[in-house]
Structures are given as C-alpha cells and as structure tokens.
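1. pasting the sequence and the predicted coordinates here, then a few questions.
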Amino acid sequence: MLVADALVLPGRLRGVSLSLRAGEVTAICGPNGAGKSSLLSCFAGLLEPMSGTVTLDGAPLAAMHPEARARALGYLPQTPEVAWDVSVQTLAGLGRLPWRTSAAEDAAAVDAALAALDLPAFAHRPVSQLSGGERARALLARVLAGTPRWLLADEPLANLDLAHQLALLGHLRACAGQGMGVVLVLHDLALAMNHADRVVVLDQGTLAADGPPEIALAEPVLEQVWGVSVRWLGKPGQRALAV
C-alpha cells in the first residue's frame, strides 16, 4: 500500500491523506493547479513535503535506499526529457538500471515494454526522429521496462491518439490485474470514468472526492470543483459528458 499522511506543500498541498492499493487503476483528477502533479511527485519520493509522510508497505519512503525505491516505483513526469539522442531500445533499456539482472532478463523486459506500447518497429530509431506521440510512448516504455510494483504517470495520455490511449489503458488495466499499482494523473474525465477503478479529485490542494468513478466524478462534484454544469450519458463503461 502507498500511503500519504497529512501532506503539506506550501501553495500546493494542504493536509492531503490518501491510501492507494496495489492491483487498482487510480486516476488523480482536478482543475489546473489543484496539486495533482505535486501529489504524484510526493508519492514518487521526488518532493519532500513540509509536513506529513509517505509510506510504502508501512515503511517511510524517505528512508528507502534510492535503488530499492527506483525498483518499486516507476515514475513518468508530465514533461520528461531525453538528454541524449539514443535509440528507442536504448532509452527503454535505461529503465533496467536499478536492477542487477542478466542481459537476457533485461532484453526480455525491454522487448515486452516495447511490444506493450506498439514500438518494436521503432526500436532502432533515434528518439529525435519520433513524433510527439511516439516519443511519449517510448518514454513510458522506459518506465515499464523497469517492471515497477507501482506505476506513477503524470498525464501519460496527453500526446497519444485515441487508439493508443485505449490500447495503453487496456495494458495498464492488465498490469493492475497482475498486481501492479497504477496511478495516473488524467484530465480526460470520460477516460477516468470509464477506465479507472478509483478516482481521487483534488481541488486547491485538498481532497475534494475519493471513491469509485461514478461517485468521485458525480455531476455535483464536477459543478463544485470544475464550475461546470454537465451530465453523464451512456451506460457504465461507456460514459460520455454532455453540456
């Protein structure tokens, strides 16, 4: 379990407490500036709150050895950078650095990550020659190649076309079904409604709603948090927003 207890970051989080369970897809939603990325960074151990703690399976995250933390938590920031113009395969291979496994095991993990993201044909292509969506998938492949117990991804669907969005969500659901904890920052509320097990809604650094999508993203919550009056149409799993 990944637990935040009374996290405070000046101007970003105001006493957020949250327990995330492995084996679920959790979507973190909220308006711009609500604290979504800050919360995810705290869960990844990259931001230290002014007060409050983050624990992983009961142990303080801050006390974990960096290598052990990197094996347990795979993090994809909102605007990841690539320092060198390496091939897609080499980029994905960087996700194996925290592990001390054989070359064969590393290659198998990289191949699996590339296959999951529809990238085998791009394996030897330099990152600089990729489109925005292809690059986003390659960066996520680097995280998946690390076979983390928890995947923490900040807007991983932002640059993907619809087909790849749905394919990725399907893959992440399969990962959750195998025990991985999947935590995604999402702006597309329909995708969160239809594909997440649980939705956490932040508003101005506080926890505004938390629960199954149909509860956390109920119409009164959308009006209160986003200031919009909309309706959900369709049946469960196929919901769409209408003004």
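-> Received it, and whenever you're ready, just let me know what you need. Just so you know, these numbers come straight off a predicted model, no measurement behind them.
2. please count neighbours and contacts with C-alpha atoms only from this point.
-> Will do.
3. partner residues bridging residue 181?
-> residue 150 (DSSP bridges).
4. same deal with residue 27?
-> Beta-bridge partners, per DSSP bridges, of residue 27: residue 184, residue 199.
5. where's it relative to residue 189, distance?
-> Applying CA to CA, to the nearest Å, the value for residue 27 to residue 189 is 9 Å.
6. the more surrounded of the two?
-> residue 27 (29 against 20; other CA atoms under 10 Å).
7. need the pLDDT of the more buried one.
-> Note for residue 27: predicted pLDDT of 98.
8. next one: residue 184 relative to residue 75, how far apart?
-> 10 Å.
9. quick check: neighbours shared by these two?
-> Common contacts of residue 184 and residue 75, defined by CA atoms under 8 Å, 6 or more residues apart in numbering, comprise 152, 153.
10. in this protein, which spans are helices?
-> Here the chain has its helices, by DSSP state H, at 36-43, 66-72, 88-93, 103-116, 132-145, 162-177, 189-195, 213-216, 219-226.
11. take those helices and lay them out in CSV including mean pLDDT and distance to residue 21.
-> Formatted as CSV, those follow (pLDDT from 0 to 100; distance: least, CA to CA, whole Å):
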stretch, mean pLDDT, distance to residue 21
helix 36-43, 96, 13
helix 66-72, 93, 14
helix 88-93, 96, 27
helix 103-116, 96, 23
helix 132-145, 94, 19
helix 162-177, 93, 10
helix 189-195, 96, 16
helix 213-216, 97, 16
helix 219-226, 96, 23
